[in-house]
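Engineer: predicted model and sequence follow; I will ask about them next.
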Amino acid sequence: MRCQSRRAMPERCSMIDDPRQFLRALFDAAVDAARADVCLAGRLPEPPRGRTVVVGAGKAAAAMAAAVEAQWQGQLSGLVVTPYGHDVPTRHIEVVQASHPVPDEAGTHGAQRVLEAVKGLTEDDLVLCLISGGGSALLALPAPRVLLEDKQAVTKALLRSGATIHEMNCVRKHLSAIKGGRLGVAAAPARVVTLAISDVPGDDISVIASGPTVADPSTREEALALIERYQIAAPASVLEHLQDPASETPKPGDPRLFGVTAEVITTPQDSLQAAAAMAREHGVTPVVLGDTVEGEARDVALVHAAVAREVARNGRLATPPAVILSGGETTVTLRGEGGSGGRNQEFLLALASALLGTPCIHALACDTDGIDGFSKAAGAIIDPSTPERAASAGINLRDALERQDSGGVFTALGDVIITGPTRTNVNDFRAILITAKP
């Protein structure tokens, strides 16, 4: 069966006659599964005898606050910090907007207010902490003796280094006065309930938003080793702070955190399964590679290309029509200034270069928060015509990959996907659709 002949395709393939629309529908299903109102339903604790104070941070923080207000029975107050443009209307919980991924003064001020909001509470009070991806940059309250500009410099260097999110947050926790369990300590003796939308491979709640209310198993020695490994030119104040034993975070078993409970209410895997369910409904076999895929985006693309070719040519893992689904967080190590685009667009550019127009294979890669790197796009889409269309536009895909200008390529081809902020974040979403055997 050849994908060029749609008339010859069986009825069960009729829903993928428009591969681009089908891939976008899968992405939308993945995002919808992680909406704050969906994943918070039935997860809220019982109101306390005393006050309820809501705090939080992340790309989903404002949407989570609005969902809490819609579902909560009783009085509440508080504030959450979310990136610029991610706010939603709320009645009782204040929404503060700040910079992401590099922190700014607004984030520092917001984090200070969050810390102050949980102090002076009693055992009868409840702190409801709402966290999601992006919270590390948004709760930007540097530790004593660490200047904001020094933390900004370290953050920028880590973003360019290719460090994983676990590694980045290990460093950020130890440079913070609020993350790595310190917010939970400040809230004692009040009961603390943390609800988290995961954006990290493995769903470790101590890593999501750098775990502001939970014990931190990482150490300052590990943070120093990461700075050395990635050759980060850390300011003197940062190094002096990390060499001081006082920079250590609260550890598992710390009695000051005994009043804290924490739950991950939705994960990247949940979103992959929602997309897989939609694929099955339309007669397409899903192959879920998992939600913990990490590594350089271009290297991950080569592996995905090999898997896609095996499905297309040999029917291994699944018989076409099939879709390969994966999540996680790849990295991009910037070499020089680079061009535009983020890790999802770099993944697709490398995938298109590897597939070289292999028939019947289409792919989408987007960040579920609607923002791929520093670009305005969520990601992009490719199809078998991508290399030919690029050549007609005077674009060499491999040269563009070396320049790290994926955003420029997909913008020129009209293949970027722009959603705006989705107000959630369960990390990257990748779908490779094989419509038939070539």
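Structural biologist: Nice, thanks for sending it over.

Engineer: make it CA atoms for all contacts and neighbour counts henceforth
Structural biologist: Noted.

Engineer: can you list the domains in the chain?
Structural biologist: Domain ranges of the chain: 6-33+269-434, 36-266, per automatic domain parsing.

Engineer: put together a markdown table for those domains, with mean pLDDT and mean neighbour count on each row.
Structural biologist: Formatted as a markdown table, these follow (pLDDT from 0 to 100; neighbours: other CA atoms under 10 Å):
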| stretch | mean pLDDT | mean neighbour count |
| --- | --- | --- |
| domain 6-33+269-434 | 92 | 21 |
| domain 36-266 | 96 | 21 |
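
Engineer: residues making contact with the strand or helix carrying E116?
Structural biologist: Using DSSP states H and E, E116 falls within helix 105-117. Residues outside helix 105-117 that contact it (CA atoms under 8 Å, 6 or more residues apart in numbering): 53, 55-56, 78-81, 96-99, 137-142, 148, 178, 183, 186.

Engineer: biggest strand in this structure by residues?
Structural biologist: strand 285-293 (DSSP state E).

Engineer: who does it pair up with?
Structural biologist: Sheet pairing of strand 285-293 (DSSP bridges) gives strand 322-328 (parallel).

Engineer: hey, C-alpha coordinates of whichever helix or strand comes after the strand it pairs with in CSV?
Structural biologist: Reading on from strand 322-328 to the C-terminus, the next helix or strand found by DSSP H and E is helix 343-355. Presented in CSV, the C-alpha positions along helix 343-355 are these (Å, rounded to 0.1, in the frame of the first residue of the first chain):
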residue,chain,number,x,y,z
ARG,A,343,14.4,22.4,21.2
ASN,A,344,11.3,21.1,19.4
GLN,A,345,12.0,23.0,16.2
GLU,A,346,15.7,21.8,16.3
PHE,A,347,14.4,18.3,16.8
LEU,A,348,12.2,18.6,13.7
LEU,A,349,14.9,20.2,11.6
ALA,A,350,17.3,17.3,12.5
LEU,A,351,14.5,14.8,11.9
ALA,A,352,13.7,16.3,8.4
SER,A,353,17.4,16.2,7.6
ALA,A,354,17.6,12.5,8.6
LEU,A,355,14.4,11.4,6.8
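
Engineer: next, the angle from the helix or strand just after helix 343-355 to strand 322-328.
Structural biologist: As assigned by DSSP H and E, the chain's next helix or strand after helix 343-355 is strand 361-367. For strand 361-367 against strand 322-328, the angle by axes from the mean of the first three to the mean of the last three CA atoms, to 10 degrees is 20 degrees.

Engineer: please name every helix or strand in contact with strand 361-367.
Structural biologist: helix 19-33, helix 343-355, strand 379-382, strand 428-434 (3 or more CA pairs under 8 Å, 6 or more residues apart in numbering; DSSP states H and E).

Engineer: that strand pairs with which strands, parallel or anti?
Structural biologist: strand 379-382 (antiparallel), strand 428-434 (antiparallel).

Engineer: so which residues of this protein form strands?
Structural biologist: Listed in chain order, the strands of the chain (DSSP E) span 52-57, 77-83, 93-98, 126-131, 191-197, 260-266, 285-293, 322-328, 361-367, 379-382, 416-417, 428-434.

Engineer: and the fifth one, which strands flank it?
Structural biologist: Right, strand 191-197. When DSSP bridges is applied, strand 191-197 pairs with strand 126-131 (parallel), strand 260-266 (parallel).

Engineer: kindly report the same for the first one.
Structural biologist: Paired neighbours of strand 52-57 in the sheet (DSSP bridges): strand 77-83 (parallel), strand 126-131 (parallel).

Engineer: neighbouring contacts of it?
Structural biologist: Outside strand 52-57, the residues that reach it (CA under 8 Å, 6+ apart) are 65, 75-82, 93, 114, 117-118, 125-132, 134-135, 138-139, 209.

Engineer: cool, the fourth one as well?
Structural biologist: Residues from elsewhere that reach strand 126-131 (CA under 8 Å, 6+ apart): 47-48, 50-58, 60-61, 64-65, 80, 118, 187, 190-197, 208-209, 213.

Engineer: recalculate using a threshold of 6 Å.
Structural biologist: 52-58, 190-196 (CA atoms under 6 Å, 6 or more residues apart in numbering).

Engineer: packing partners of the longest helix seen in the chain?
Structural biologist: Ranked by residue count and defined by DSSP state H, the top helix of the chain is helix 297-314. Helix 297-314 sits against helix 343-355, with contacts defined as 3 or more CA pairs under 6 Å, 6 or more residues apart in numbering; DSSP states H and E.

Engineer: and the helix it packs on, what does it pack onto?
Structural biologist: Under the contact definition 3+ CA pairs under 6 Å, 6+ apart, helix 343-355 sits against helix 297-314, strand 379-382, helix 406-413.

Engineer: quick revisit: can you put the strands of the chain in CSV and add distance to H304?
Structural biologist: Formatted as CSV, the strands of the chain follow (distance: least, CA to CA, whole Å):
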stretch, distance to H304
strand 52-57, 33
strand 77-83, 32
strand 93-98, 36
strand 126-131, 31
strand 191-197, 26
strand 260-266, 25
strand 285-293, 9
strand 322-328, 8
strand 361-367, 10
strand 379-382, 14
strand 416-417, 20
strand 428-434, 8
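
Engineer: so which of these is nearest V307?
Structural biologist: Proximity to V307, assessed across the strands of the chain by CA to CA, is greatest for strand 322-328 (8.3 Å).

Engineer: quick one: that closest one to helix 19-33, angle?
Structural biologist: Using the same axes, to 10 degrees, strand 322-328 lies at 40 degrees relative to helix 19-33.

Engineer: please renumber the chain so that the first residue is 667 from this point on.
Structural biologist: Renumbered: residue one is now 667, and that last one reads strand 988-994.

Engineer: from the chain's centroid, how far away is strand 988-994?
Structural biologist: The chain centre lies 16 Å from the centre of strand 988-994; the measure is CA atoms, centre = their mean, to the nearest Å.
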